[in-house]
Each structure stands twice: as structure tokens, then as C-alpha cells.
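*Asks:* Need coordinates for the below:
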Amino acid sequence: MTIFEAYNDCKRQLQTAGIEDYVFESKQIIKHITGYTNTQILTKYTQQLTEFQQNNLTAIIKQRLIRYPLQYIIGRWNFFGREFFVGPGVLIPRSDTETLIDVCLESLTQKQTPRVLDLCTGTGCIGITIKGERPDSQVSLVEKYDEALSFTNKNAEHNKIDVKIIKADVLKTEGAEGQYDLIVSNPPYINDSDMKTLQPEVKFEPSTALEGGEDGLLFYRHIAKEYKKYLAPGGIMAFEVGINQAEAVSQIMKENGFENVGVRKDYGEIDRVVFGTAN
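*Replies:* As a prediction, this is how the structure comes out:
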């Protein structure tokens, strides 16, 4: 089987299984099993796969057909130009979250050696990226679960980013010390009813990174109320929010005394980030 034949077969099987991004995923799978770049694949498309590569391809396709996440299969994923290790026990970085990074970096433009606190950090993709883009910043990452923390540590080391990683429970208001110029979080925000209708792939991700209480707003209420005192005057709090949550989260921030509350759309034109300034 040639690379080209393998790519077409992969596309066919994923499409038949109802996987929406079957073209993109097929390209990623072929890149993974061959170790080639997009350009190399185009120039070597008539090359025969080895027996090992064919067996690997078959195993990967079988996993995807039961809707096991491609990111977990590959074991790493790109976010904001950096590579992050992922696997069971940690939420997969998504491109939607890159909008949150944009807002955070803009908020720090006028800050010198800013202090940043990333709550519910998971892979660490938010805090690690901010530190990578602003090397002068002091960034602390807070995560409760050991499974996720193993990826946080691995990703900081892999990207050669020096951050402080703290094992703590956000709902107990742990992990903060002193005052910060930015507190950022992509917390669990799926409500109880929506947890029952998740995409098949999402069901493989840890429920602890998804469940946001009965209405999905549990973490927003707690963080906005209890962590505000850790913001320096003029400091920013920024959240990623789920679909149709921006208005409710904006109201929560206003009720807790935040000023200049704003909303930013993601690349899909969905209200994805809510932010506000501490007085």
C-alpha cells in the first residue's frame, strides 16, 4: 500500500464513520505514521508503507472508529505554535482557547514583569503559552488532579518554559499568593444536562475537566468572587466560556464588581472569552 492509497483508505473509513474532519484527520494520521511533513508526503506519495506502518495505521483507524480522540492516539497536539503532550486524564487543547491567549497577551501589553495565575490549568497550555510569549512574566499554574499535573509538568519541561506548578483545589480558593496582574481560567463549564449529550470523543476526556455544575457556572461564580482579591488594582480576570454562556458570565463578573467587562469571539464567531478589570 502506498502513502497515497493509505491516505484515501483512511479518509474513506473516517468519512463512513461520520467523523466530520475526516480529511484533516487523515492527513494528521499519515504524518504520524510516516514521520513526514506535508511537503514530504506530497513528494513521496507513491512510496510503499512498511509492514509496521500499515499495522500502525490499522490500529489507529480502529481506535478512531470507536471515536477515541485523535489527539490521545497521537499523544501530542499543537497549540499556539507549541507542542503539548496529551492523553487520558487531561483536557485536549483546542484552537478556540487561542482567543483567550490573545486577550491575555493584550491585557499584559503595558505591564512590566507581570504576575499571572492560571487556574484549572490541565495541560498547562494557557500558562505555558503566556510565559513563552512573555518571558518576563511570572506565571503560576494551579491544578487539582495528579493525572493532569503529570502532563502539566511534562509540557513545561518539553517546551523549556519555567513556570511554577501548584497542586491545589480552585473551589477551595487555593494556590494564590500575593497579587496578580492577570488571573486566567478555562474551567469546567458543561452543565449537567449537556454532559449527557457530549460528542463521542469528548466522553473520553476527564469529566472533572468538563463538569461545571447544574448550570455550568459553578467555577465562574467561585473564581470571580473568591479570587478577585488576588488581583492587583487594574488587574484583569479572563475566562473561556461555553456556547451561550458569555452573557451569564459577564453578569457574574459585574455582580462581583469587575469593570470594563467585555466579550471576545473565537475564530468561529462564537462568544468565547469574557474578561473584566479589577478596581
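
*Asks:* give me the number of residues near residue 90?
*Replies:* By other C-beta atoms under 10 Å, 29 other residues sit near residue 90. C-betas here are computed from N, CA, C, even on glycine.

*Asks:* Next up, the contacts around it.
*Replies:* By C-beta atoms under 8 Å, 6 or more residues apart in numbering, residue 90 lies in contact with 122, 123, 147, 148, 151, 205, 206, 209.

*Asks:* Going by neighbour count, which residues of the lengthiest strand in the chain are buried?
*Replies:* Counting residues, the longest strand in the chain under DSSP state E turns out to be strand 231-240. Residues 231, 235, 236, 237, 238, 239, 240 are the ones in strand 231-240 that count as buried (16 or more other C-beta atoms under 10 Å).

*Asks:* And stretch 129-140, by the same measure?
*Replies:* Using 16+ other C-beta under 10 Å as the test for burial, stretch 129-140 gives 129, 130, 131, 132, 134, 137, 138, 139, 140.

*Asks:* wait, doesn't the last one sit right on residue 174?
*Replies:* Which is residue 140. No. Shown here, residue 140 and residue 174 do not form a contact pair, counting by C-beta atoms under 8 Å, at 11.5 Å.

*Asks:* so what sits against both of the two?
*Replies:* By the contact definition C-beta under 8 Å, 6+ apart, residue 140 and residue 174 are jointly contacted by residue 166.

*Asks:* How about residue 127: what's its closest non-neighbour residue?
*Replies:* Excluding the flanking residues, the one nearest residue 127 by C-beta to C-beta, 6 or more residues apart in numbering is residue 118, at 3.4 Å.

*Asks:* Return the residues in contact with that neighbour.
*Replies:* Taking C-beta under 8 Å, 6+ apart, one finds 124, 126, 127, 130, 139, 140, 141, 142, 184, 185 in contact with residue 118.

*Asks:* tell me which element it falls in.
*Replies:* Residue 118 is part of strand 115-119 when elements are defined by DSSP states H and E.

*Asks:* For the protein, just list every one of the strands.
*Replies:* Along the chain, counting by DSSP E, strands occupy 76-79, 82-85, 115-119, 138-143, 164-167, 180-185, 231-240, 259-265, 271-277.

*Asks:* Just name the most buried of these.
*Replies:* strand 115-119 (a mean of 27; mean count of other C-beta atoms under 10 Å).

*Asks:* ok and that one relative to strand 231-240, angle-wise?
*Replies:* For strand 115-119 against strand 231-240, the angle by axes from the mean of the first three to the mean of the last three C-alpha atoms, to 10 degrees is 40 degrees.

*Asks:* Strand 115-119 pairs with which strands, parallel or anti?
*Replies:* Applying DSSP bridges, strand 115-119 is found paired with strand 138-143 (parallel), strand 180-185 (parallel).

*Asks:* Dump those strands into a markdown table; add distance to residue 13 as well.
*Replies:* Shown next, in a markdown table, are those (distance: least, C-beta to C-beta, whole Å):
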| stretch | distance to residue 13 |
| --- | --- |
| strand 138-143 | 36 |
| strand 180-185 | 38 |
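
*Asks:* mind putting those in TSV, distance to residue 95 and mean pLDDT included?
*Replies:* Below are these laid out as TSV (distance: least, C-beta to C-beta, whole Å; pLDDT from 0 to 100):
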stretch	distance to residue 95	mean pLDDT
strand 138-143	21	98
strand 180-185	17	98
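
*Asks:* Dump the strand holding residue 118 to CSV, keeping only the CA atoms.
*Replies:* Extracted as CSV, the C-alpha positions of strand 115-119 are listed here (Å, rounded to 0.1, in the frame of the first residue of the first chain):
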residue,chain,number,x,y,z
ARG,A,115,2.4,38.1,37.6
VAL,A,116,-0.1,35.6,36.1
LEU,A,117,-2.2,32.9,37.7
ASP,A,118,-3.7,30.2,35.5
LEU,A,119,-6.5,28.3,37.3
